[in-house]
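Student: sequence isn't available, so here's the structure alone:
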């Protein structure tokens, strides 16, 4: 049914609803939603690239299943892992510029979150098929650092482990002056970012034939089970 799989953090509540409307895609329901109207912004154009992923932060980047594995096996592995991981609380999120795009990024100490992401990447890696030569070539067009290139070969994605940066993408690449869009996005999302963000679940998602990601199942982080249990 799905071409690729990924493990994301996906917000809940008011932030999830606002983000789904902003992007025009609700991955929890697998449905298109109407954009809000913000004067001076072509939201459909701004969100064309990130729309298919839905509102999310990547924890285990998208991958094709390796031979001999199934979705059922992957679900069980994610459930087992999440039973071992403890929730992480971030001070808050803020709307920031990252290169030529805009994203929600965390404030404060993110070391516990980085450890959670690293453990997820490593534990679930047996389910990842190796990237194709075409994918390797495409990734390397981004002028990767030696560390990022090593990650690409070892883990199938450049921006993991020491190169991981938690973010929730809000736009594609923006040409010209980003400042006016950044200012409007900060105002738009401000009501949803006043409180600390608790990461207490991970979401297994799948990408359909049209390229859109759907929630398969959300797993709570309970920290209740040891790896040997």
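Tutor: Thanks, I have the structure now. Keep in mind that this is a model prediction, so the values were computed, not measured. Residues are numbered from 1 along each chain as shown.
Student: report pLDDT for residue 228.
Tutor: According to the predicted model, the pLDDT of residue 228 comes to 46.
Student: next: residue 39.
Tutor: Value for residue 39, per-residue pLDDT: 93.
Student: helix, strand, or coil at it?
Tutor: The three-state label given to residue 39 by DSSP: H, G, I helix; E, B strand; the rest coil is coil.
Student: so where's this protein uncertain?
Tutor: Judged against pLDDT under 70, the low-scoring parts of the chain cover residues 224-229.
Student: just the helices in it please.
Tutor: Assigned helices in the chain, in chain order: 13-23, 43-46, 71-82, 111-123, 133-140, 146-155, 179-189 (criterion: DSSP state H).
Student: residues touching the closest residue in space to residue 60 that isn't next to it in sequence, list them.
Tutor: Counting by C-beta to C-beta, 6 or more residues apart in numbering, residue 60 lies nearest to residue 7, which is 3.7 Å off, once chain neighbours are set aside. Heads up, the C-betas are built off the backbone N, CA and C, glycines and all. By C-beta atoms under 8 Å, 6 or more residues apart in numbering, the contact list for residue 7 reads 59, 60, 78, 120, 124, 202, 203, 204, 205.
Student: for residue 7, give its distance to residue 174.
Tutor: 28 Å (C-beta to C-beta, to the nearest Å).
Student: for residue 144, grab the count of nearby residues.
Tutor: When counting by other C-beta atoms under 10 Å, one arrives at 16 neighbours for residue 144.
Student: now it. Nearest residue, chain neighbours left out?
Tutor: Going by C-beta to C-beta, 6+ apart, residue 144 has residue 158 as its nearest residue, at 5.2 Å.
Student: again with residue 118
Tutor: Spatially, and ignoring its direct neighbours in sequence, residue 118 is nearest to residue 161 (5.3 Å; C-beta to C-beta, 6+ apart).
Student: what's the burial count for that neighbour?
Tutor: Here the neighbour count serves as a burial measure; for residue 161 (other C-beta under 10 Å) it reads 17.
Student: who's in contact with it?
Tutor: Per C-beta under 8 Å, 6+ apart, neighbours of residue 161: 118, 121, 151, 155.
Student: closest to residue 38 among the residues you listed?
Tutor: Within the set of those, residue 121 lies nearest residue 38; the separation is 35.5 Å, counting by C-beta to C-beta.
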